[in-house]
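In: my questions concern the predicted model and sequence given below.
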Amino acid sequence: MTPLPDPRALTLLDAILPHVAFDGWSDGAFIAAVDECGLSLAQARDVCPRGAIDLAVLLHTQGDAAMVSALSSSDFSDMRFRDKVAHAVRLRLDAVNDKEAVRRGSVLFALPHMAPEGSKLIWGTADAIWTALGDTSDDINWYTKRATLSAVYGSVVLYWLGDDNDDGQATTDFIDRRIENVMQFESFKAAVNKNPLLKPFSAALAQLTSCVKAPSAPASDLPGSWKTPR
């Protein structure tokens with residue numbers, strides 16, 4: 001279970017958002033938020049050691065939590081699986097209350113030294129979607145599903161940031177096209193695996209990838225594990 005954020009961090013997040021639109025996720029915006037909350041800088045740093053960066057991360061993870069909550073009450077009875085994934089991505093965008101804060105966040109996490117953090121956040125969103133949709137894979141597919149959806153979600157966010165239409169239909173259509181691309185790739189993989197001419201290659205690859213296992217314990221901060229075949 002994901003631990004609940006410190007209430008002081010949530011207060012700081014609410015306070016910093018109006019400043020982010022003008023100053024980005026910067027030290028200046030963080031200090032302004034601290035002043036408004038009546039905290040000392042030392043108290044604020046105790047909650048957010050990296051300042052505004054930690055609040056940008058919190059904004060993203062709160063969006064993931066809102067999406068998971070919305071998914072839990074969604075009716076999937078008449079949806080194909082691709083539609084479920086597209087619906088989840090749409091709900092994740094709908095969870096954003098401050099588009100400019102996300103825009104500024106995309107700039108922050110595009111910086112070379114912040115790119116690993118940004119990739120981790122997108123991976124977390126993809127993982128939250130697959131987990132909420134009941135994914136039970138425990139092998140290489142655990143990784144490929146999340147890697148593929150991470151690429152989809154990253155491109156969707158960039159498109160959505162540039163979509164100024166009020167109805168969001170252009171973004172919805174873009175999501176559907178990207179999900180369709182993923183389905184085409186999955187069909188291609190299935191065709192390759194069934195091709196008798198490629199059977200030796202497929203068997204060797206399957207033997208290799210059988211060593212890869214999904215994360216089995218939250219105690220490690222590594223994304224997965226490698227087990228030696230017996």
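Out: In hand now; what should we look at?

In: check contacts around residue 165.
Out: Applying C-beta atoms under 8 Å, 6 or more residues apart in numbering, we find residue 165 in contact with residue 171. Placement of C-beta: from N, CA and C, glycine included.

In: helix/strand/coil for it?
Out: Under the three-state scheme (DSSP: H, G, I helix; E, B strand; the rest coil), residue 165 adopts coil.

In: and if you look at the one 10 residues further on?
Out: Following three-state DSSP, the label given to residue 175 is helix.

In: which residues does it contact?
Out: Residue 175 makes contact with 86, 89, 90, 152, 156, according to C-beta under 8 Å, 6+ apart.

In: helices - which of those land there?
Out: Taking DSSP state H, the ones among the contacts of residue 175 that sit in helices are 86, 89, 90, 152, 156.

In: please point out which parts of stretch 123-143 sit buried.
Out: Judged by neighbour count (16 or more other C-beta atoms under 10 Å), stretch 123-143 contains these buried residues: 123-130, 132-133, 140, 142-143.

In: among these, which lie within helices?
Out: Members of those lying in helices (criterion: DSSP H): 123, 124, 125, 126, 127, 128, 129, 130, 132, 140, 142, 143.

In: give me the lowest-pLDDT entry from those residues.
Out: Lowest pLDDT within these is found at residue 140 (84).

In: name the residues that touch stretch 8-21?
Out: With contact meaning C-beta under 8 Å, 6+ apart, stretch 8-21 is reached by 25, 28-30, 32-34, 36-37, 39, 43-44, 47-48, 52, 54-55, 58-59, 62, 98, 100-101, 104.

In: weed out the non-buried ones from the residues you listed.
Out: 25, 29-30, 32-34, 37, 39, 44, 47-48, 52, 54-55, 58-59, 62, 101, 104.

In: can you pull up the most central residue in this protein?
Out: Central residue of the chain (C-alpha atoms, centre = their mean): residue 125, 2.2 Å from the mean position.

In: ok, now which ones touch it?
Out: Counting by C-beta under 8 Å, 6+ apart, residue 125 touches 60, 63, 64, 67, 92, 150, 153.

In: ok, and the most crowded of those?
Out: With neighbours set by other C-beta atoms under 10 Å, the maximum within the contacts of residue 125 is found at residue 92, which has 25 neighbours.

In: who are the neighbours in contact with it?
Out: 63, 64, 67, 125, 129, 153.

In: pretty sure residue 32 belongs to a helix, no?
Out: Yes: checked against three-state DSSP, residue 32 lies within a helix.

In: distance of the closest residue to it other than its chain neighbours from residue 150?
Out: Closest residue to residue 32 apart from its sequence neighbours, by C-beta to C-beta, 6 or more residues apart in numbering: residue 19 at 4.9 Å. In this view, residue 19 and residue 150 are 29 Å apart by C-beta to C-beta, to the nearest Å.

In: for residue 127, same thing?
Out: 9 Å.

In: cool, and residue 72?
Out: In terms of C-beta to C-beta, residue 72 sits 22 Å off from residue 150.

In: next one: residue 174
Out: Applying C-beta to C-beta, the value for residue 174 to residue 150 is 16 Å.

In: part of a strand, is the residue nearest to residue 32?
Out: No: with three-state DSSP as the criterion, residue 19 is assigned helix and is not in a strand.

In: number of nearby residues for it?
Out: Residue 19 has 20 nearby residues by other C-beta under 10 Å.
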